[in-house]
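Asks: Predicted model and sequence follow; I will ask about them next.
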Amino acid sequence: MIAIVNYGSGNIQAIANIYKRASIPFLIASCPADLALADHIVLPGVGAFDQAMKELEKSGLRQAMDKAVLADKKPILGICVGMQILARTSEEGTASGLGWVNGLVKRFDLSALPDVAGVPHMGWNTVEPLRANPLFEGVDIDSEYYFLHSYYFCCDWPTDRLGVTMYGTSFASVVHRANIWGVQFHPEKSHDAGVRVLKNFAAVN
Amino acid sequence: MKNGGLIKTLRFENPKYVGDPINAVRIFNEKQADELVVLDIAATTRGLPPNYTMIQSLAAECRMPLCYGGGVKTLEQAVQIIRMGVEKVAISSLAVENPRLISEIATHVGSQSVVAVLDVRRDPRMGTYGVWTHNGARNTGKEAVIFARQLEDLGVGEIVINSIDRDGVMTGYDMDLTERIRKAVRVPMTVVGGAGSLCHLEELIRQFGVIGAGAGSLFVFKGVYRAVLINYPNRTDKTALCAAGLLKPPLVGDPSRFSTRAEA
């Protein structure tokens, strides 16, 4: 059972739709009891880091999330800001992140390339997996995914970087540590490749 | 979109029904379109709020980024639209009526999610381009380039230039208009109005590099008799189109990741 965390941020319906079409059981998790029913967790997110953390705290799900992920070791997939809040902190704000994947979130600095690229990173781009992994099983290496973000994840440990994307700099677009995954792009808005990533996540253990 | 159905116009007139919005989204999903912009053109003229039921259905169905506009007048409406899973909210007449609200909306949802759609018509006497609202019925008196700069200062994340003169004509984009706006603002920009063939898209990308190429008629009509048939360039064609914008070795990986939008 996939729990899609409903804490006021992210495109829950699009993700739910994908799992519904794929006949993968899911629920929209709004309270701790919902999380307890799940064996996989999807943490969507759009908007600002501080706002996302604030909403998560307000939802009353924080403790249940810590337990599910850190104690029960349930697989979790953070999407976009949902991935960024896996970090300790972000340059975007002052709030502390979940701190589940060691790293900090930085703003793109493309001042050296004024005519070529701008912030946010908005559009379709590729992901280069750094090692074989179940999340990208069966996906074409030159698949494109939709990105929309101004900040990016800097991992403390290089081994936490699962996939990289080039935008002015090569940044970690996919992170993975133990049972925790994060994707900077929006799999729910990335056509077939994105759908595959979501399905693959449902199958990891 | 008008009254729950998709329509295509010619210079903003003679609306022709082209199909059901949800069905169109499904087809563009299949065609792996880069991005979809859905504008409810009756909302403002009829004084209606956004159609949340429709928006919810579109957002749940859409497998690519979605921008929705039409009748957005308040911060709450914009926030609600984003909350429903729409990536970007488009504002048009609001940009003219209450530009300060744009900054407020941008602060709440992030500037990347605020798109200003400017309906633009050439003024032959002045040789400039004016901004019109209410489906091209009301002249705001604002000049497009100046207004675009003001919107950029207000925090808008993207500007869509919609050429009323070229709408539905399929004879090519207004390159003069595009150039004027492009030289004036640095925010991401998309042009729509006039695309009649993939050559027009290529011409646009070749000249302007990183730019959004929007098309309506090109993606919904086929053939001389303009039969309704939703179509979209495949991956190979798209890559070739984007390659036209590659003038020098890539500085940011592969800059051929442009979005071509389908506006319906």
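Replies: Cool, got the structure.
Asks: Show me the strands in the chain, by range?
Replies: Just so you know, I chose chain A. A:2-5, A:26-29, A:40-43, A:76-79, A:89-90, A:103-107, A:121-126, A:128-129, A:144-149, A:151-155, A:161-167, A:169-177, A:180-183 (DSSP state E).
Asks: I was thinking of chain B, sorry if that wasn't clear
Replies: Under DSSP E, chain B gives strands at B:6-10, B:13-19, B:35-39, B:66-69, B:88-91, B:114-123, B:128-133, B:138-143, B:158-163, B:189-192, B:212-215, B:221-222, B:227-228, B:260-263.
Asks: Could you measure from the residue of chain A found nearest chain B over to residue A:125?
Replies: Checking chain A residue by residue against chain B with C-beta to the nearest C-beta singles out residue A:166 as nearest, at 2.9 Å. Yep, even glycine has a C-beta here, placed from its N, CA and C like the rest. Residue A:166 sits at a distance of 7 Å from residue A:125 (criterion: C-beta to C-beta, to the nearest Å).
Asks: Next: residue A:133.
Replies: 19 Å.
Asks: Of these two, which one has the most company?
Replies: Between residue A:133 and residue A:125, residue A:125 has the larger neighbour count (other C-beta atoms under 10 Å in any protein chain shown), namely 20 against 15.
Asks: residues contacting the closest residue to chain A within the stretch 51-200 of chain B?
Replies: Nearest to chain A, among the residues of the stretch 51-200 of chain B, is residue B:85, at 3.5 Å (C-beta to the nearest C-beta). For residue B:85, the set of contacting residues under the criterion of C-beta atoms under 8 Å, 6 or more residues apart in numbering or on different chains consists of A:10, A:11, A:12, A:13, A:14, B:56, B:59, B:60, B:66.
Asks: Quick one: name the residues of chain A near chain B.
Replies: A:8, A:10-14, A:16-17, A:46-48, A:110, A:113, A:116-118, A:120, A:122-126, A:144, A:146, A:148-150, A:165-168, A:170, A:186, A:188-192, A:194-195 (C-beta under 8 Å from any C-beta of the partner chain).
Asks: Can I get the buried ones among these as something I can paste into ChimeraX?
Replies: Applying 16 or more other C-beta atoms under 10 Å in any protein chain shown to the residues of chain A next to chain B leaves a buried subset, and the ChimeraX line that selects it is:
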select /A:8,10,11,12,13,14,16,17,46,47,48,110,117,118,120,122,123,124,125,126,144,146,148,149,150,165,166,167,168,186,188,189,190,191,194,195
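Asks: give the contact list for the most centrally placed residue in chain B.
Replies: Geometric centre of chain B, nearest residue: residue B:160, 4.9 Å, by C-alpha atoms, centre = their mean. With contact taken as C-beta under 8 Å, 6+ apart, residue B:160 is in contact with B:37, B:90, B:115, B:116, B:117, B:118, B:189, B:190, B:191, B:192, B:212, B:214.
Asks: One more pass at 6 Å, please.
Replies: By C-beta atoms under 6 Å, 6 or more residues apart in numbering or on different chains, the residues touching residue B:160 are B:115, B:117, B:190.
Asks: Confirm for me that the first one is in contact with residue B:90.
Replies: Yes - using C-beta atoms under 6 Å as the test, residue B:115 is close enough to residue B:90 to be in contact (4.5 Å).
Asks: Just the mean pLDDT for the longest helix along chain A, thanks.
Replies: What stands out as the longest helix in chain A, according to DSSP state H, is helix A:191-203. The average pLDDT for helix A:191-203 rounds to 96.
Asks: Nearest residue to residue 194 in space, please, no chain neighbours.
Replies: Answering for chain A, as no chain was given. Of all residues not flanking residue A:194 in the chain, residue A:187 sits nearest, at 3.5 Å (C-beta to C-beta, 6 or more residues apart in numbering or on different chains).
Asks: Hmm, no, I was thinking of chain B.
Replies: Taking C-beta to C-beta, 6+ apart as the measure, residue B:194 lies nearest to residue B:166, with 3.2 Å between them; neighbours along the chain are not counted.
Asks: So for the one you found, what's the pLDDT?
Replies: Predicted confidence (pLDDT) at residue B:166: the value is 91.
Asks: Just to check, residue A:64 is in contact with residue A:34?
Replies: No - counting by C-beta under 6 Å, no contact exists between residue A:64 and residue A:34, whose distance comes to 8.5 Å.
Asks: about what we covered before: switch the contacts of residue B:160 over to JSON lines; also include distance to chain A, pLDDT and neighbour count.
Replies: Rendered in JSON lines, the data for the contacts of residue B:160 read as follows (distance: C-beta to the nearest C-beta, whole Å; pLDDT from 0 to 100; neighbours: other C-beta atoms under 10 Å in any protein chain shown):
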{"residue": "B:115", "distance to chain A": "11", "pLDDT": "94", "neighbour count": "25"}
{"residue": "B:117", "distance to chain A": "17", "pLDDT": "93", "neighbour count": "24"}
{"residue": "B:190", "distance to chain A": "11", "pLDDT": "92", "neighbour count": "24"}
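Asks: Endpoints of stretch B:228-239, how far apart?
Replies: Using C-alpha to C-alpha, to the nearest Å, the end-to-end distance of stretch B:228-239 comes to 25 Å.
Asks: Quick one: distance of that stretch to the chain centre.
Replies: Offset of stretch B:228-239 from its chain centre (C-alpha atoms, centre = their mean, to the nearest Å): 18 Å.
Asks: Quick check: mean pLDDT of that stretch?
Replies: Per-region confidence: stretch B:228-239 scores 84 on mean pLDDT.
Asks: hmm, it touching chain A?
Replies: No - using C-beta under 6 Å from any C-beta of the partner chain as the criterion, no contacts between stretch B:228-239 and chain A are found, and the smallest distance is 8.9 Å.
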